[in-house]
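# The sequence and its predicted three-dimensional model are supplied below.
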Amino acid sequence: MPNDRAPTILALSSFYKGNDFLEECRNQGWKVILLTVESLLGKPWPRAHLDEVFALPTFHDHRAVVNTVSWLARTRNIQRLAPLDDYDVELVAHLREHLRIPGMGETTARYFRDKLAMRARCRDRAIDVPEFVHVLNHDEIRDFLARVPPPWLLKPRSEASSVGIKKLQTPEDVWPVVEALGDAQSNYLIEKMIPGDVFHVDSIVSEKQVVFAECHQYRRPLLEIVQGGGIFATRTVVRGSGIEKQLLETHARVVEQLGLVRGVTHTEYIRGADDGRLYFLETAARVGGVHISDLVDASSGINLWREWAKIELGQGEKPYVLPPRKSEYAALIVSLSKQQWPDTSAYTDPEIAWRMDDHEFHVGLIVHSPSNERVGELLDSYEKRFAQDFMAVMPAPSKALH
């Protein structure tokens, strides 16, 4: 059993992701331990960059995870802990505080996992958010339903992505759903559904400053795709445009008010179709899922996983320096596929930067170019071709897309 004093980072992941993060930690000279769940042991983790791999049946038993990590720390010099998935953020924050290891603690983590906490904080700091009410006091819910016009969205406070969200049109729709939640009611909120364009800002934060941010716009809201099916796509916002400036300014305020000291964020905003105002929707202290990190890499040349690893290891003990970046345009398109292993060899444009080849019954491509118009042309073409060549529709998932 290991018993040396080499600095070690322990990464926890309840989903298969983050290989670049793990590799970069090793490249930075650290020992790397992965703690995952047993069902993921067969995944192609970067074993050559890992010193040890451990697994538990599940991470749901937090006491078992705490005991396991504490046992590992008896003989390993664990100086950093990192969550590779959104579902692991709060658990790792608790572990950091329990072991007194530097990094985001439980108070800040709550603002990046709890949809109610992040909305209340932003609203209290004069950042526009859709009107909402906690599913707690029934009189306050009645007042909200009478005052705020529908449609409304019932949202779980701690799920990732658009999982568990229900669209409701009348008070008669709301109350049976609320009552069916029983004792779980307080784990939800109800929010006014605002029609409009949805954007995501993916950023790197160092010592409370946003040192890198890329703005992209979803082709269609993710909620619409998750619940109704269809093709997922997102593309770079026009650089230097008014909406990019507004997104960057608002995002800097959000990061400041939610108290993130260092790390990465994936944050969503909506521009209201009726009033043109930009509203904060939600954020997460993690790299965006559905291969958004590959999209950011294609548009900017910045690998969010690798940069996050440097920041997580450094913890402000030495200045973080962002590598040279580029400012191109990119688009990501992903769909469920009728074929188990879809063949994209007929897609031959030189602008293709990435192909999804490791997900059964899924197809995806990323294109990039210095020309925004060229990226738009390719995305328009690929959406039509994907619909004909591949697209399949399945029921809404019970877990988030990763």
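Arrived safely, thanks for sending.

# which intervals of the protein have sub-threshold pLDDT?
Filtered on pLDDT under 70, the chain yields the residue ranges 1-4, 160-163, 394-402.

# now the helices for it?
19-27, 62-73, 89-99, 106-111, 115-124, 138-147, 171-181, 222-228, 242-258, 292-300, 304-314, 372-389 (DSSP state H).

# The closest residue to residue 96 other than its chain neighbours - how many residues pack around it?
Nearest non-adjacent residue to residue 96, counting by CB to CB, 6 or more residues apart in numbering: residue 103, 4.8 Å away. Every C-beta, even on glycine, is put in place using the N, C-alpha and C of the backbone. Counted by other CB atoms under 10 Å, the residues lying close to residue 103 total 20.

# before we move on, what about residue 383?
18.

# quick one on the thing from earlier: the residue nearest to residue 96 contacts residue 80, correct?
Yes. Residue 103 is in contact with residue 80 according to CB atoms under 8 Å; the separation is 6.8 Å.

# Quick check: end-to-end length of stretch 52-66?
Length of stretch 52-66, first residue to last, CA to CA, to the nearest Å: 18 Å.

# The residue sitting nearest the centre point of the chain - nearest residue in space that isn't next to it in sequence?
By CA atoms, centre = their mean, the chain has its centre lying nearest to residue 288, at 3.5 Å. Of all residues not flanking residue 288 in the chain, residue 266 sits nearest, at 3.7 Å (CB to CB, 6+ apart).

# before we move on, the earlier item: any chance of the helices of the chain in CSV, with distance to residue 281 too?
Listed next are the helices of the chain as CSV, based on distance: least, CB to CB, whole Å:
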stretch, distance to residue 281
helix 19-27, 25
helix 62-73, 28
helix 89-99, 18
helix 106-111, 14
helix 115-124, 9
helix 138-147, 18
helix 171-181, 20
helix 222-228, 10
helix 242-258, 10
helix 292-300, 15
helix 304-314, 20
helix 372-389, 23
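
# winner for burial among the ones you listed?
Ranked by mean neighbour count, the helices of the chain are led by helix 292-300 with a mean of 24 (mean count of other CB atoms under 10 Å).

# what's that helix packed up against?
Helix 292-300 is packed against strand 196-206, strand 209-218, strand 232-236, helix 304-314, strand 329-336, strand 352-355, strand 362-369, with contacts defined by 3 or more CB pairs under 8 Å, 6 or more residues apart in numbering; DSSP states H and E.

# right, and those - which one's nearest residue 382?
Set against residue 382 and scored by CB to CB, the helices and strands packed on helix 292-300 come closest in strand 329-336, at 5.2 Å.

# Relative to the closest one, what are the paired strands and their orientations?
According to DSSP bridges, strand 329-336 forms sheet pairs with strand 232-236 (antiparallel), strand 362-369 (antiparallel).

# Can you add distance to residue 219 and mean neighbour count and give these back as JSON lines?
Putting the strands paired with strand 329-336 into JSON lines (distance: least, CB to CB, whole Å; neighbours: other CB atoms under 10 Å) gives the following:
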{"stretch": "strand 232-236", "distance to residue 219": "4", "mean neighbour count": "23"}
{"stretch": "strand 362-369", "distance to residue 219": "13", "mean neighbour count": "24"}
